[in-house]
Structures are given as structure tokens and as C-alpha cells.
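[1] just coords:
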């Protein structure tokens with residue numbers, strides 16, 4: 001798991017505007033982004049299903 005605070009601090013401390021990292025590091029970052037996006041999507045779907053069910057039952061969402 002990427003330590004975001006540590007990565008941000010290391011990037012801020014690096015000189016210049018360009019940061020290089022390995023393909024393995026990029027793959028890890030993309031994998032974690034994908035997990036976060038899937039979780040966010042699942043929460044949105046859950047909220048939608050809950051609102052639809054509440055509406056169908058005549059209850060406020």
C-alpha cells in the first residue's frame with residue numbers, strides 16, 4: 001500500500017518539476033487507484049439502490 005503522506009513529502013522534497021518512478025511503482029499506483037474507483041462506484045450504486053428501494057416503499061430516502 002502506498003503511504004500517500006510519505007509519497008507527497010518525498011515528492012515535495014525532490015528538486016525540480018520532474019519525478020521519475022519505475023513501471024512497477026506505476027503499476028502499484030494504478031492498482032490502488034482502481035481499487036478506490038471501484039469502491040467509490042460501489043458506494044454510489046448502494047446509495048442509488050437504497051434511494052430507489054426507499055422510494056418504492058414510500059419512505060423518505
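    Structure's in. What do you need? Keep in mind it's a predicted model, so treat the numbers as computed, not measured.

[2] Residue 2: neighbour count?
    For residue 2, the count of nearby residues is 12 (other Cβ atoms under 10 Å). Every C-beta, even on glycine, is put in place using the N, C-alpha and C of the backbone.

[3] distance of the closest residue to it other than its chain neighbours from residue 3?
    Closest residue to residue 2 in three dimensions, ignoring its sequence neighbours and counting by Cβ to Cβ, 6 or more residues apart in numbering: residue 32, at 5.8 Å. Separation of residue 32 from residue 3 (Cβ to Cβ, to the nearest Å): 11 Å.

[4] ok, the two, which is more surrounded?
    Per other Cβ under 10 Å, whichever of residue 32 and residue 3 has more neighbours is residue 32, with 13 against 9.

[5] Need the three-state assignment for that one.
    Reduced to three states with DSSP: H, G, I helix; E, B strand; the rest coil, the structure at residue 32 is helix.

[6] do residue 18 as well
    Under three-state DSSP, the three-state class of residue 18 is coil.

[7] For it, what are phi and psi?
    When read as degrees, to the nearest 10, the backbone of residue 18 gives phi -110, psi 130.

[8] before we move on, what about residue 19?
    Dihedral pair for residue 19: phi -120, psi 130, per degrees, to the nearest 10.

[9] Which pLDDT value goes with it?
    With respect to pLDDT, residue 19 has a value of 85.
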